[in-house]
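Visitor: Coordinates only, no sequence provided:
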């Protein structure tokens, strides 16, 4: 079993939920922001000392939900602060960006880190398309074309032209090229069956978030496995990454108290205005098919309204003492066959001290048992 330490870099200082999206930045204090970035980067670098295989970054816009508008900037900082842990950009929201710029920055990170990049090619969540004024209906096909262009830019030794539906370049020849050959491992999001098929078609690792229950996750994973085999790839456990909000503390009770408080801020403050924006995009566009759009909204509501006990029973969080978390991981592995857990411990306004203590408990008591799952 492999483990990734993931961080959203949330803004933790809001007294009340924003009234609308985009969120006014009037409450942002740059001096406090500097402190948060320093603390968050320290925490992410500490993941290497705690035995994590990857450290994960992501991209979000126009919201206190996450302060990482460009995950590659954080990846570059971590490349200088770490030496062995893989740098998982989970990732660049490819349909919103210039794919040549993504290819170049990913290649830089791979070379700078000595070949440690995991290249996330992510479609993103609906409201990000409002932020960058990109038509949500085009998101899937933009991702398809951009991914092909990025891989060609990494692997083609001679200058080439590109005349696609969304991107046109008279001549492309990036410097540097990635260190890993033929290119860095690619991960794509796969939290519904349509996305799972897309990831498998591209022979990419699949990553799942917002796991409401193990049955729905199992359907996505099986779709991925069947489609991967149809495209000449034999999927292994390490191709399946599952993301979990996680709290590890000395006792089950303490872990539940810490996670409950963090989730309260996460759902009532950070997600409050985002949910409205996401519903608007889903209703007014073809970002999802109708069935998948309804499931996405229902999943957000379900996760918000469940009690801690219900979330644990459903397999949608990891929460408890080290021994309890190992049992929860074993249950998920046995039911879903994943080979990778992506762990987010900075949930909402969870204190950094609680996050670091959880990381230490993971290193000392969870990893010795869970690594062999």
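Guide: Sure, I can see it. Please read all numbers here as calculations on a predicted model, not as lab measurements. Numbering: from 1, shown residues only.

Visitor: Neighbouring strands of the strand or helix carrying residue 121 in the sheet, and parallel or not?
Guide: Element membership of residue 121, judged by DSSP states H and E, is strand 117-122. Here strand 117-122 is paired, per DSSP bridges, with strand 86-93 (parallel), strand 186-189 (parallel).

Visitor: Can you lay out these as JSON lines showing distance to residue 109?
Guide: From N, CA and C alone the C-beta is placed, and that goes for glycine too. Listed next are these as JSON lines, based on distance: least, Cβ to Cβ, whole Å:
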{"stretch": "strand 86-93", "distance to residue 109": "6"}
{"stretch": "strand 186-189", "distance to residue 109": "14"}
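
Visitor: For residue 31, which of those strands is the nearest?
Guide: strand 86-93 (27.8 Å; Cβ to Cβ).

Visitor: Which residue ranges of the stretch 151-300 of the chain form strands?
Guide: Under the criterion DSSP state E, counting those that start in this stretch, the stretch 151-300 of the chain contains strands at 160-163, 168-172, 186-189, 205-208, 240-248.

Visitor: so the last one versus strand 86-93, what angle?
Guide: So that's strand 240-248. Following axes from the mean of the first three to the mean of the last three Cα atoms, to 10 degrees, one obtains 110 degrees for the angle between strand 240-248 and strand 86-93.

Visitor: Run me through the strand neighbours of strand 240-248, direction for each.
Guide: When DSSP bridges is applied, strand 240-248 pairs with strand 205-208 (parallel), strand 318-320 (parallel), strand 340-344 (parallel).

Visitor: Columns distance to residue 264, mean pLDDT and mean neighbour count on top of these, output as CSV?
Guide: Listed next are the strands paired with strand 240-248 as CSV, based on distance: least, Cβ to Cβ, whole Å; pLDDT from 0 to 100; neighbours: other Cβ atoms under 10 Å:
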stretch, distance to residue 264, mean pLDDT, mean neighbour count
strand 205-208, 24, 97, 26
strand 318-320, 14, 98, 25
strand 340-344, 16, 98, 24
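
Visitor: okay, those strands in TSV with distance to residue 57 next?
Guide: Shown next, in TSV, are these (distance: least, Cβ to Cβ, whole Å):
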stretch	distance to residue 57
strand 205-208	13
strand 318-320	20
strand 340-344	12
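
Visitor: What residues of the strand or helix carrying residue 37 count as buried?
Guide: Residue 37 belongs to helix 30-49 when assigned by DSSP H and E. By neighbour count on 16 or more other Cβ atoms under 10 Å, the buried set for helix 30-49 is 36-37, 40-41, 43-48.

Visitor: From residue 116, how far out is the spatially most central residue of the chain?
Guide: The centroid of the chain falls nearest to residue 90 when counting by Cα atoms, centre = their mean (4.5 Å). As judged by Cβ to Cβ, to the nearest Å, residue 90 and residue 116 stand 14 Å apart.

Visitor: Spit out the contact partners of residue 36.
Guide: Shown in contact with residue 36 (Cβ atoms under 8 Å, 6 or more residues apart in numbering): 9, 11-12, 67.

Visitor: cutoff 10 Å now
Guide: Going by Cβ atoms under 10 Å, 6 or more residues apart in numbering, residue 36 touches 9-13, 29, 67, 352.

Visitor: Which among those count as buried?
Guide: So, by 16+ other Cβ under 10 Å, the buried ones in the contacts of residue 36 are 9-12, 67, 352.

Visitor: list the contacts for the residue nearest to the centre of the chain?
Guide: 4, 6, 54, 56-59, 71, 118-122, 187-189, 207, 209, 241, 243, 342.

Visitor: If we use 6 Å, what do you get?
Guide: 56, 58, 120 (Cβ atoms under 6 Å, 6 or more residues apart in numbering).

Visitor: The last one bridge partners, please.
Guide: What that stands for is residue 120. If you apply DSSP bridges, the partners that residue 120 bridges to are residue 187.

Visitor: got a pLDDT number for it?
Guide: As predicted, residue 120 sits at a pLDDT of 98.

Visitor: Roughly how far does it sit from residue 323?
Guide: When residue 120 is compared with residue 323 (using Cβ to Cβ), they lie 32 Å apart.
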